[in-house]
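Trainee: Sequence first, predicted coordinates after that:
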Amino acid sequence: MQIAETERLIIRQFTEQDTDFILRQLNDESFVRNIADKQVRTREDALSYLRNGPFASYQQLGLGLNLVQLKATGTPIGMCGILQRPELDYPDLGYAFLPDYQGQGFAQEAAEAVLKDAVTQGQSVILAVTLLTNAASYRLLERVGFELQGEMELYGKRNRLYRYQA
């Protein structure tokens, strides 16, 4: 299902055909450094990740991480969506892009489209967390309207906590 379309991007729910992309994205060095090592090493691991992560989230919550692809070519370049982590009181924005597509405004374009869709779906408060060392990520969050709330521990690491109010 398509979530949003922008000038340059299509944002849609993941499918089983996105397994190879997931394998590549989750093993990218910047993903492992700035988000986590999800221990996804094989196509089977990637399919399990999709089934137990995004697919389960779509079914249970009606939201989740989505594939971001170039509109012109269909090339998958990243992921962006709204997650519901048990550690947070509200849903939060998550995103990651392959290195070749970082620094070109794609993450901001995708984040703005995903936030707009979430607000349309009734979400009025959305959080975001990013490691203290991930300056590019917190600059992006501030550009799309998030406000710093403070710091918190999440998964054993200190993070900045941001809030977006529709």
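Mentor: Looks like it came in fine.

Trainee: So which residues of this protein form strands?
Mentor: Listed in chain order, the strands of the chain (DSSP state E) span 2-5, 9-13, 65-70, 76-83, 92-97, 125-131, 147-154, 157-165.

Trainee: Reformat the ones you listed as a markdown table; add mean neighbour count.
Mentor: Yep, even glycine has a C-beta here, placed from its N, CA and C like the rest. Shown next, in a markdown table, are the strands of the chain (neighbours: other CB atoms under 10 Å):
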| stretch | mean neighbour count |
| --- | --- |
| strand 2-5 | 16 |
| strand 9-13 | 20 |
| strand 65-70 | 23 |
| strand 76-83 | 24 |
| strand 92-97 | 22 |
| strand 125-131 | 21 |
| strand 147-154 | 12 |
| strand 157-165 | 17 |
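
Trainee: Serialize these to a markdown table and add fields for distance to Asp45 and mean pLDDT.
Mentor: Formatted as a markdown table, these follow (distance: least, CB to CB, whole Å; pLDDT from 0 to 100):
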| stretch | distance to Asp45 | mean pLDDT |
| --- | --- | --- |
| strand 2-5 | 25 | 96 |
| strand 9-13 | 20 | 98 |
| strand 65-70 | 16 | 98 |
| strand 76-83 | 16 | 97 |
| strand 92-97 | 17 | 97 |
| strand 125-131 | 24 | 96 |
| strand 147-154 | 23 | 95 |
| strand 157-165 | 23 | 96 |
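
Trainee: Tell me which of the ones you listed sits nearest to Asn27.
Mentor: strand 92-97 (11.5 Å; CB to CB).

Trainee: rewinding a little: turn the strands of the chain into TSV, columns for distance to Phe106.
Mentor: Converted to TSV, these look like this (distance: least, CB to CB, whole Å):
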stretch	distance to Phe106
strand 2-5	13
strand 9-13	7
strand 65-70	7
strand 76-83	6
strand 92-97	6
strand 125-131	17
strand 147-154	23
strand 157-165	19
